[in-house]
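Student: Sequence plus the predicted model coming up.
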Amino acid sequence: MKLPEFAQKALALIEANSGEAYLVGGCVRDMVMGKTQNDIDITTNMLPDEIEELFVRYKTLDVGKKHGTITVFIDDNPIEITTYRIEGGYEDNRHPKSVHFTNRLKEDLSRRDFTMNALCYNDKSGIVDEFYGVRDIQNRCIRAIGEPKKRFGEDALRILRAFRFMAQLDFFIEESTISAIYECRGLLKNISPERVTEEVTKLLLSNNPVGTLLLMSELHVLENILKPLSEIEQNAIENSNPTLEIRLAIALKKEGLESLCVDKKTKARVKMLWDNQHFKINPDKQSVKQKLNELSYEEVLLLLDYQALLGEDNKVQRNLVLEVEQNGECYSLKQLNINGDEIVLNGVPKGGKVGEILRILLDNVISGRVENEKSALLECVKNMQCVVVFRGL
Ligand code: CTP
């Protein structure tokens, strides 16, 4: 296997000092699958203090030292170097209570989640495959190591990792691993919303999440967050580009969005899609411009994509949006060729009336009654003042 040069350097330095060192985990899995991986983890029999000393010429970080990990930067690439370890019991189904270092590689590999993630490699030994991970990768199979219930009991996040890998890699989950997921699914309540969000987001942004979402629904996993998908919704996800807002809007329950830690902008956009789902924009420029003024250019395009995925034919509206934007046609206050100061200079007292007049002007421009030109707009302001005086307001 062709390793990145910075990874070679790290392995070589440890080996030159009589240590054992292997690439391990996702980077080996991906290399076996023929993908390049720059996110490198190394497992070693050397202790964290020894690693710090050995890599003294390099920048290192010791935030994970308690758990045996030193991050080393080689040619600006971070590498996590972790001492072989076994975990001494878990609390809250997520965090090891304590870790014990060991000098036996197999012990370190046996505490990991799936066979495909328990592979390790160096040039001297080739692939070390204690749990038939290569066979499982070839068969596209996600299989927990050893006793699946124990693995999920130690760290319930692994349940979501299994589904995320299924979606990302287009693998299936082996039967006894599925049964254990079903039995342990209640433990997911102990996982922080940040981690759940991270896994759900990766899953939804994968190329083909539908089969995974259906399995999760069947197994009642995250059923407070994800909704059972109708056939139309399944097709919508299948046909959509991996756009987070759209996929969240299709896959989430309302309360699901509230319980996830998605950023404010994304959350607002998902709500916008839900609120406007059944609002049909008429296929004329005036209606399109009104919607553009209410939302924004990106949001209207997002909404049209979402509605189209759910079966609405809105090509005409989409083309009109693109045309309006391309021609720089006015649909918002900031595009009006007049501002508040100019209205005040033309005799309107400062205050709420100015804003109201601007909005009326925009309305007139959008509807095509007035050109978006200063003289025409000022003329319109004068006429409005006459009406105000005439009405005695
Ligand atoms: N691991 C584990 N249980 C977890 C998380 C990680 O056993 N809950 C082990 C696996 O061996 C995994 C390795 O730690 O391969 C590294 O984990 P991480 O970097 O989080 O994930 P990767 O498997 O590398 O996959 P990806 O980078 O695609 O998330």
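Tutor: Happy to help now that I have it. Values in this document were obtained by computation on a predicted structure and should not be read as measured data.
Student: so D275, which of the three states?
Tutor: With DSSP: H, G, I helix; E, B strand; the rest coil as the basis, the three-state label of D275 is helix.
Student: What about it, how many residues nearby?
Tutor: Residues lying near D275 (other Cβ atoms under 10 Å) number 10. Where you see a C-beta, it was placed from the backbone N, CA and C, and this is true even at glycine.
Student: same question, E175
Tutor: E175: 10 neighbours (other Cβ under 10 Å).
Student: Next one: it relative to I181, how far apart?
Tutor: 11 Å (Cβ to Cβ, to the nearest Å).
Student: quick one, what contacts the closest residue to the ligand within the chain?
Tutor: Proximity of the chain to the ligand (Cβ to the nearest ligand atom) peaks at G26, 2.2 Å away. For G26, the contacting residues are 37, 39, 41, 117, by Cβ atoms under 8 Å, 6 or more residues apart in numbering.
Student: hey, where'd the helices end up in the stretch 101-250 of the chain?
Tutor: 105-110, 133-138, 148-154, 157-169, 175-184, 193-204, 210-218, 231-239, 244-251 (DSSP state H, counting those that start in this stretch).
Student: mind putting the ones you listed in a markdown table, distance to the ligand and mean pLDDT included?
Tutor: Below are these laid out as a markdown table (distance: least, Cβ to the nearest ligand atom, whole Å; pLDDT from 0 to 100):
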| stretch | distance to the ligand | mean pLDDT |
| --- | --- | --- |
| helix 105-110 | 8 | 96 |
| helix 133-138 | 10 | 98 |
| helix 148-154 | 8 | 95 |
| helix 157-169 | 5 | 97 |
| helix 175-184 | 13 | 98 |
| helix 193-204 | 8 | 97 |
| helix 210-218 | 15 | 98 |
| helix 231-239 | 21 | 95 |
| helix 244-251 | 18 | 97 |
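Student: got these as TSV, with distance to N337 columns?
Tutor: Formatted as TSV, the helices of the stretch 101-250 of the chain follow (distance: least, Cβ to Cβ, whole Å):
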stretch	distance to N337
helix 105-110	69
helix 133-138	63
helix 148-154	63
helix 157-169	50
helix 175-184	61
helix 193-204	43
helix 210-218	49
helix 231-239	41
helix 244-251	33
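Student: Counting neighbours, what do you get for N190?
Tutor: 14.
Student: per-residue pLDDT, it?
Tutor: Note on N190: pLDDT of 93.
Student: What distance do you get for it to L260?
Tutor: The value you get for N190 to L260, if Cβ to Cβ is used, is 16 Å.
Student: ok, now N276?
Tutor: Applying Cβ to Cβ to N276 and L260 gives a distance of 21 Å.
Student: can you give me how far stretch 99-113 is from the chain middle?
Tutor: Remark: stretch 99-113 is offset 31 Å from the chain centroid, using Cα atoms, centre = their mean, to the nearest Å.
Student: Pull out the buried residues from that stretch.
Tutor: 99, 101, 105, 108-109, 111-113 (16 or more other Cβ atoms under 10 Å).
Student: One more: stretch 111-121?
Tutor: Going by 16+ other Cβ under 10 Å, stretch 111-121 has these buried residues: 111-121.
Student: Would you format these as a markdown table with pLDDT and distance to K280 included?
Tutor: Below are the buried residues of stretch 111-121 laid out as a markdown table (pLDDT from 0 to 100; distance: Cβ to Cβ, whole Å):
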| residue | pLDDT | distance to K280 |
| --- | --- | --- |
| R111 | 92 | 55 |
| R112 | 95 | 52 |
| D113 | 96 | 47 |
| F114 | 98 | 47 |
| T115 | 98 | 51 |
| M116 | 98 | 47 |
| N117 | 98 | 48 |
| A118 | 98 | 53 |
| L119 | 98 | 53 |
| C120 | 97 | 57 |
| Y121 | 97 | 56 |
